[in-house]
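**Q** Sharing a sequence plus its predicted fold:
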Amino acid sequence: MKVLRESIIHCFRSEFQVEIRKSTLENSFQDLTTNAINKGVDYLILVGGDGSVNEGVNGYFDANSELREKVILGVYPAGSGNDFSKSLGVGNDLEQLLFLVKNDSFKKIDVGLMHFNNVDNTPGKRYFINIADIGIGGYVANKISDSKKRLGGEFTYTKALIQAFFTYKKQRVQLTSKDYNWTGKMLSICMANGKYFGSGMCIAPDAKLSDGKMQLVIIGEVSLYDYLKNIPKIKKGHKVVHKEIEYSFAEKCEITAMDNPCPIDMDGEYVGTTPLKTEVISNQLKMLLID
């Protein structure tokens, strides 16, 4: 972190006033974001992985509404997965980031808003910027939340996912939306604003950050063999043709588990369980990106 801090200051100090804040147990990423916006910053760069970016987005909505609308957000990927940054087209390149800032290279993008049950079974409400999913993804996120990820995000996720296939029981759920309904046993249902999750898996190849919709990806009763067989295709961003996989779009949807509550993964973090209601809030964030 010290090296990165010095590199940021060196890169930006000649043209911008720079302040750097580090999250701690007492001062969370979400709180730091809210406080920075309320102080009147012009640009706010979120340095971290997808979970940190999620906290930053929620901190954005906690801030003063008039002040936050003036702020341009950016992402410097420094986590284990960094999936959302792939949809933005940005990497851990400070010169690229400086170019985006100097040229105001931003676009207004969507966010998802979800109502669900928190881990303690109380009503919860949270925004997500990339992908939320239920089923095995939430199960895996819960299992690896305390993992040290020494061998990298992709290895950790893949290992946990394969292990989960032997213990996770597919749940019967009902999904309802204005133009699309689905009922059945599922391995996972993704609600995607961005394209990537699971350390580089392009699970929602048609998702767009600013179309006012989320791509729904329903993975029904798919075997471990079929899942592993199609990983190369998914990583290349191709749709999977399989009788148990469906793709659709929705502005809003509701999902109810017909047996046991299903775990929810939101931007790579376990947040709670179904039932849930999700809607797309269109054109809410000014985000630095490569268009």
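**A** Sure thing, it's come through. Residues are numbered from 1 along each chain as shown.
**Q** Figure out how far the helix or strand where residue 215 lies is from the centre of its chain.
**A** Using DSSP states H and E, residue 215 falls within strand 214-219. Centroid displacement of strand 214-219 relative to its chain, using C-alpha atoms, centre = their mean, to the nearest Å, is 14 Å.
**Q** just checking, what packs against it?
**A** Where contact means 3 or more C-beta pairs under 8 Å, 6 or more residues apart in numbering; DSSP states H and E, strand 214-219 is packed against strand 181-186, strand 188-192, strand 245-250. Where C-beta positions appear, they are placed from N, C-alpha and C, glycine not excepted.
**Q** mind running it again at 10 Å?
**A** Contacts defined by 3 or more C-beta pairs under 10 Å, 6 or more residues apart in numbering; DSSP states H and E place strand 214-219 against strand 131-135, strand 171-176, strand 181-186, strand 188-192, strand 245-250, strand 252-257, strand 269-288.
**Q** Please identify the buried residues of the longest one?
**A** I take that to be strand 269-288. Within strand 269-288, the residues that count as buried by 16 or more other C-beta atoms under 10 Å are 269-274, 276-280, 284-288.
**Q** buried ones in the helix or strand that contains residue 10?
**A** Taking DSSP H and E as the definition, one finds residue 10 inside helix 2-12. For helix 2-12, a neighbour-count test (16+ other C-beta under 10 Å) marks 8, 12 as buried.
**Q** what's it in contact with?
**A** 18, 20, 22, 43, 45, 47, 76, 78, 92, 94-95, 97-98, 101-102 (C-beta atoms under 10 Å, 6 or more residues apart in numbering).
**Q** that older thread, got the angle for the strand holding residue 215 vs strand 131-135?
**A** 30 degrees (axes from the mean of the first three to the mean of the last three C-alpha atoms, to 10 degrees).
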